[in-house]
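K.L.:
Just need the structure, nothing else, for what follows:
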Amino acid sequence: MLHPIAPVFDKDSRVLILGSFPSVRSREEGFFYGHPQNRFWKVTAGVFGEEVPQTIGEKKEFLLRNRIALWDVIGSCDIAGSSDASIRNVEVNDISLILKTADIKAVFLNGKKAFSLYRKYMQPVILREGICLPSTSPANACWSLEKLTSEWEQIRSFA
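P.N.:
Residues are numbered from 1 along each chain as shown. Next comes the predicted model:
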């Protein structure tokens, strides 16, 4: 399966957040974190003290206004549904355009799977450490919204 969503970034982006690969719902909607139970938009809106963006346009504006670049580690893979555990035959996205365009101060990974893929495939090439954040996925049910938001607060200091 090929990654169907273009990255969001501009020259003012300072933080790069990478997930693993879009869920079925996100692929259907054509934008990141489309599953209503995924807490990405609630968490990031909480970090920046803003209302949760609803439409794709509002989400893009929110990201750019807060100097966040957003994409995924994986450019193509074999995957069963939305399960990160099922991911096989990984080919990574080329994030060099983002890094050449924007002065990225920190790279954050949304969850352990994205972090492990980043460390294996991207970090040796781009030579930049990544910071693992707890996943906003509904599968990460042991993390409350408040606890997630508190951990994700660190992105604000780089934005």
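
K.L.:
where exactly do the strands run in the chain?
P.N.:
Ranges of strands in the chain, per DSSP state E, are 15-19, 68-72, 74-78, 88-92, 106-110, 130-133.

K.L.:
who's in contact with I74?
P.N.:
Residues in contact with I74 (Cβ atoms under 8 Å, 6 or more residues apart in numbering) are 3, 20-21, 87, 90-93, 117. Every C-beta, even on glycine, is put in place using the N, C-alpha and C of the backbone.

K.L.:
Any quick PyMOL command for the buried ones out of these?
P.N.:
Buried residues among these (16 or more other Cβ atoms under 10 Å), as a PyMOL selection:
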select buried, resi 3+20+21+87+90+92+93+117
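
K.L.:
which two in the contacts of I74 are spaced the farthest apart?
P.N.:
I87 and N93 (13.8 Å; Cβ to Cβ).

K.L.:
can you map out the helices along the chain?
P.N.:
For the chain, the helices defined by DSSP state H occupy 24-29, 40-48, 56-65, 96-101, 112-117, 123-126, 145-152.

K.L.:
other SSEs contacting the third one?
P.N.:
Which is helix 56-65. helix 40-48 (3 or more Cβ pairs under 8 Å, 6 or more residues apart in numbering; DSSP states H and E).
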